[in-house]
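>>> model this:
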Amino acid sequence: MQGDDRCDATLDQGLRGVVPGERAPAGDAAAWAGRLGAPLLEAYPAGPGIVLVAEDPPALQILGRKPPGPVRVDFADRRLQRRAAGTTARRDPLARAIGLHRRPGTAIVDATAGLGRDGWILAHLGARVSWIEASPTLAALLHDALARAADEAGLGDTTQRLRLHPGDLRQVLGELPAAEREVVYLDPMYPSGTTRGGVGREAQALRQLHGSTAGPAGGELLAAARAHATRQVVVKRPQRAPPVEGPPPARSVAGRAVRFDIYAPA
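Reported below is the predicted structural model:
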């Protein structure tokens, strides 16, 4: 596992600050606040937004009345481990779209890493994965989660196949060696009213974290990915949503709730 928790992106607009967890070691909240350049809070603030709860593992908690539960980046999570144990490169629709069942060890850039779960599964299945994440909060959580996973029995091999690159994919992609970007994978933020990858609570947390920052459009991300992928680009979309703006995909691979559109390099 190689990684870096530095990120030049501006602070996520929706992040209100860092709150100490109930059972967190003393000083953890202050360390996270300093790491993110965020306010250190004594309690949950009123109003909209999201806070980082400094506990083990840390959590993103949406604010407001009757909010959903916390969202964590934790690669030792039992649900993620069951998903990993129950799939293969031939059965997993994303791995099939990438062609991992035919080319073990493919070098993939997960250019919109988010909570990191798709990239983790691909690395578990043998791919060499480079994460790119523009959100400084998510990049820091990914870095922390990788460090914890490296010390977990049975997870070390997967962490060795993952690298983290904080920053804007439109810049970072061009800085990666060509051998590390055979396939570029995109999971763009979906429009309001849909979910990012299908899990509502986690989609809500990502929206709250980004605040009013719209980010680059899907078509712009696709153009950057096609300019740098050496073999193909794969884009996750809701099953019934149109493709992102740009050239039509060459083909698609369907999953249960999503599909994966496949494009040739530019």
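
>>> hang on, Ala266 packs against Ala227?
Yes: in this structure, Ala266 is within contact of Ala227 by CB atoms under 8 Å, at 5.1 Å. From N, CA and C alone the C-beta is placed, and that goes for glycine too.

>>> which SS state does Asp74 fall under?
Under DSSP: H, G, I helix; E, B strand; the rest coil, Asp74 falls in the coil class.

>>> Against Gln208, how distant is it?
19 Å (CB to CB, to the nearest Å).

>>> In terms of neighbours, single out the busier of the two.
When neighbours are counted by other CB atoms under 10 Å, Gln208 comes out ahead of the other of Asp74 and Gln208, with 24 against 21.

>>> Quick check: nearest residue in space to the more buried one, chain neighbours excluded?
Nearest non-adjacent residue to Gln208, counting by CB to CB, 6 or more residues apart in numbering: Ile50, 4.2 Å away.

>>> what about Pro57, how many residues close to it?
17.

>>> Now for it: which residues touch it?
Arg72, Val73, Asp74, Asp144, Ala145, Arg148 (CB atoms under 8 Å, 6 or more residues apart in numbering).

>>> quick one: which of those residues is nearest Ala26?
Asp144 (17.8 Å; CB to CB).

>>> Tell me how many other residues crowd that closest one.
Asp144: 19 neighbours (other CB under 10 Å).

>>> can you tell me how far it sits from Leu80?
Taken as CB to CB, the span from Asp144 to Leu80 is 16 Å.

>>> ok, residues contacting stretch 58-65?
Residues contacting stretch 58-65 (CB under 8 Å, 6+ apart): 16, 19, 21, 32, 44-53, 67-68, 70-73, 137, 141, 144, 204-205, 208-209.

>>> can you pull the buried residues of the longest helix seen in the chain?
Secondary structure of the chain per DSSP state H: the longest helix is helix 136-150. For helix 136-150, burial by neighbour count (16 or more other CB atoms under 10 Å) applies to 136-146, 148-150.

>>> from those, which is closest to Asp28?
Asp144 (10.8 Å).

>>> Can you tell me the closest non-neighbouring residue to the closest one?
Asp144's closest residue in space is Pro58 (CB to CB, 6+ apart), at 6.7 Å.

>>> what about that neighbour, how many neighbours?
For Pro58, the count of nearby residues is 23 (other CB under 10 Å).

>>> Check Ile108 too.
28.

>>> how long is stretch 224-244 end to end?
For stretch 224-244, the first-to-last residue distance is 13 Å (CA to CA, to the nearest Å).
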